[in-house]
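> okay, here's the prediction I keep looking at, along with the sequence it came from:
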Amino acid sequence: MQAPAIGGVQIPRGNGQVIRLSRGASLSDFADKIGVNPASLVQVLFHLGEMVTATQSVNDETLQLLGAELNYNVQVVSPEEEDRELLEAFDIEFGEDEGDDADLVPRPPVVTVMGHVDHGKTKLLDAIRHTNVVAHEAGGITQHIGAYQVNTKVDGHERKITFIDTPGHEAFTAMRARGAETTDLVVLVVAADDGVKPQTTEALNHAQAAGVPIVVAVNKIDKEGADPQRVRAQLTEYGLVAEEFGGQTLFVDVSAREGTGIEQLLEAVILTADAELDLRANPAQQAQGVAIEAHLDKGRGPVATVLVQRGTLRVGDSIVCGEAYGRVRAMLDENGDQVAEAPPSRPVEVLGLTGVPDAGDSFIVVDDDRVARQIADRREARERNAMFAQRRPRVTLEDLESALKSGERQELLLIIKGDVSGSVEALEDALLQLDVGEEVQLRVIGRGVGAITQTDVDLAIASDAVIIGFNVRPAGRAAELAQREGVDIRYYSVIYQAIEEVEAALRGMLKPIFEEAQLGTAEIREVFRVPRVGNIAGCIVRSGTITRNSKARLVRDGVVVSENLTVESLRRFKDDATEVREGFECGIGIGYNDINVGDVIETYELREKPRT
């Protein structure tokens, strides 16, 4: 049956048949499904008020509009559903334990630590693991996700517990939510001297929505003004009733700083897991799980922290994780020691992937590298099409003229680069949730892990976008190109500062600030170890001027290694110098010993500048 001609175009009309299309499909994909020329669909959409090319990724609403016009029932397949169909095509069942009930063996519980930003979550994990994580985090706030496994004794038996440390600031809602989805049990940390805060209830909502048991750790009981009973009373309002009050929830009083109550907390976790959960998995099948975090390491390449949920992951396995794939070259535990295999509930760092997966991507072990590459390539194509559909805003004939008028509609375009994928995703999620009215819009047109490259700057030039660097710096000639072309690059090490500045820019409420002005850069050519002084960097000044007592940072492969340093000593040969200009060699002491040949020392000063 022919449809009535629309602008002279004859297209066979459907009878309500279902057409399944992936998110971000093009008109060519639609045309292949119904057997027509893509150009005819372009003309139909044009007469419907939409200007779309045949190969352009199209958003869901446009596909369904076209389907309704031609009497087809267009169903846009979700990424999860499409991924499940993709794996089924390769005879892979994800998310299920293969084998009989007799094949299932007990596994350790996976525990997520949640709570308010400064109630001591990371210090509590620090006390459990006897390692100092807080010292490496900007402002004492966890910026990344990490996973660790610890041992404890309950009733004379050795038991293991896997902890997931999720970022504490409210900007990381998405990452904390994912932590609840991958976890078996939640430890809710509440400070005894501070009580229940908005982030406490937010974390509690995530845990309750995921339907996981909760153990409450009442921290800071050693502080003056601590009142653990008040915490118990407050949480009663949220459905968490302590055992001593006749409820089901275990409350444990702890002090992360003093190290008291830690064993009791671990025992409470095991007892709750044993009582409420049937934690078993089949270790004999091929491994499946989820990526907790991932980053790009200069010497080792892409490194992914994965949590094995079922099966056993072994060195040499062919693995596909999100859009990345490869053969497991090595696996490291939380202490950096190599391990040969990882059973269920075991978190490990995996080396050997071709790219950096996103935090939260599922991973599976497949039969060979060819299958892994095919799955990864199809996932990448699907994600790329969906991204194009999201990037390209719908432009109708009616609003085309008004959209082109300057000043009527303002849009802030952002490119986000970070040191790890979880931070990039969380920052993007937080920024897109900013509500500043309809007059101004925010759109993220690019994101990635690693140093800011010339490609990022070129994209910013073409689209008039602002680049946000989270714990990363420009690589190669990217900084020079950005400065020459006037591209605005903002650097942050604490995520809520980025959110506050972007929100202020959107609201037009920018106040005078101190702007960073780069003074000079010096490349380290040699490292001299001086007794009782530390390491001194033998450098050549690459740009600008290095001035004694100026502020400095250490950059390694485009990533900031250390901030808030000072040029404590500056020498030309044996003589002290107040400044050294471009092209000259010098010795620089910055009071930081972890310096390597090839590192770059950047010096800068803060100048007051009114914002516009």
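Done, it's in. The shown structure was predicted, so the numbers you read here are calculated from the model rather than taken from an experiment.
> next, the nearest residue to Glu503 once chain neighbours are set aside: secondary structure please.
Spatially, and ignoring its direct neighbours in sequence, Glu503 is nearest to Leu434 (5.2 Å; Cβ to Cβ, 6 or more residues apart in numbering). For glycine as for every other residue, the C-beta is placed from the backbone atoms N, C-alpha and C. Of the three states, Leu434 takes coil according to DSSP: H, G, I helix; E, B strand; the rest coil.
> how many neighbours does Leu434 have?
14 (other Cβ atoms under 10 Å).
> now that it has come up, it's in contact with Ala498, right?
No - taking Cβ atoms under 8 Å as the definition, Leu434 is not a contact partner of Ala498, at 11.2 Å.
> residue ranges with poor pLDDT in the stretch 301-450 of the chain?
By pLDDT under 70, the low-scoring segments of the stretch 301-450 of the chain are 385-410, 436-440.
> got the residue ranges for the helices in it?
Here the stretch 301-450 of the chain has its helices, by DSSP state H, counting those that start in this stretch, at 369-391, 397-404, 421-432.
> phi first, then psi, for Asn71.
phi 60, psi 40 (degrees, to the nearest 10).
> which residue is the nearest non-sequential neighbour of the most centrally placed residue in the chain?
Residue closest to the average C-alpha location in the chain (Cα atoms, centre = their mean): Gly422, at 1.1 Å. Using Cβ to Cβ, 6+ apart and skipping the chain neighbours, the partner closest in space to Gly422 is Ala359 (3.6 Å).
> and Val350, by the same measure?
In space, Val350 is closest to Ala304, 5.0 Å off (Cβ to Cβ, 6+ apart).
> what sits against the one you found?
291, 293-294, 321, 324, 349-350, 353, 356-357, 363 (Cβ atoms under 8 Å, 6 or more residues apart in numbering).
> please redo it, this time with the cut-off set to 7 Å
291, 294, 321, 350, 353, 357 (Cβ atoms under 7 Å, 6 or more residues apart in numbering).
> so of those, which ones are in strands?
291, 294, 321, 350, 353 (DSSP state E).
> partners of the second one in the sheet?
In this structure, Ala294 has beta-bridge partners Ala304, where bridges are defined by DSSP bridges.
> is it true that it touches Ser423?
No - look at Ala294 against Ser423 with Cβ atoms under 7 Å: they stay out of range, at 10.7 Å.
> my guess is Ala537 meets Val530, correct?
No - between Ala537 and Val530 there is no contact under Cβ under 7 Å: 11.1 Å.
> neighbour count: these two, which is higher?
Ala537 (23 against 11).
> starting at the chain centroid, how far to the one helix or strand Ala273 maps to?
When secondary structure is defined by DSSP states H and E, Ala273 falls within helix 262-276. On the basis of Cα atoms, centre = their mean, to the nearest Å, helix 262-276 sits 30 Å off its chain's mean C-alpha point.
> and it, which residues are buried?
Residues 262, 265-270, 272-273 are the ones in helix 262-276 that count as buried (16 or more other Cβ atoms under 10 Å).
> what of stretch 566-580?
Buried-residue list, stretch 566-580, by 16+ other Cβ under 10 Å: 567-571, 577, 579-580.
> again with stretch 200-214
Quick answer for stretch 200-214 (16+ other Cβ under 10 Å): 200, 202-204, 206-207, 210, 212-214.
> just these: which are in strands?
Short answer: the buried residues of stretch 200-214 in strands (DSSP E) are Ile214.
> what distance do you get for Asp193 to His116?
12 Å (Cβ to Cβ, to the nearest Å).
> the two: which is more packed in?
A count of neighbours by other Cβ under 10 Å puts His116 above the other of Asp193 and His116, at 24 against 17.
> which residues touch the more buried one?
By Cβ under 7 Å, 6+ apart, the neighbours of His116 are 197, 199-200.
> between those residues, which sits nearest Leu188?
Nearest to Leu188 among these: Thr200, at 7.1 Å, using Cβ to Cβ.
> in space, what's closest to that closest one - neighbours in sequence excluded?
Nearest non-adjacent residue to Thr200, counting by Cβ to Cβ, 6+ apart: His116, 5.1 Å away.
> separation between that neighbour and Gly591?
33 Å.
> now swap in Arg23 and tell me
From Arg23 to Gly591 the distance is 51 Å (Cβ to Cβ).
> so Gln234 sits in a helix?
Yes - under three-state DSSP, Gln234 falls within a helix.
> my read: it touches Val196, true?
Yes - counting by Cβ under 7 Å, Gln234 touches Val196, with 4.4 Å between them.
> can you give me the neighbour number for Arg484?
11.
> pLDDT value on it, please?
Looking at Arg484, its pLDDT reads 82.
> if we go by neighbour counts, what in the one helix or strand it maps to is buried?
Per DSSP H and E: Arg484 is located in helix 478-485. In terms of neighbour count (16+ other Cβ under 10 Å), helix 478-485 has its buried residues at 478-479, 481-482.
> what of stretch 43-55?
By neighbour count on 16+ other Cβ under 10 Å, the buried set for stretch 43-55 is 44-45, 48, 50, 52, 54.
> ok, which pair from these is furthest apart?
Leu48 and Ala54 (15.3 Å).
> by mean pLDDT, which helix or strand of this structure comes out lowest?
helix 397-404 (a mean of 42; mean pLDDT, DSSP states H and E).
> ok, back up a step: correct me if wrong: the residue nearest to Glu503 contacts Leu506.
Yes - at 6.4 Å, Leu434 and Leu506 qualify as touching, with contact defined as Cβ under 7 Å.
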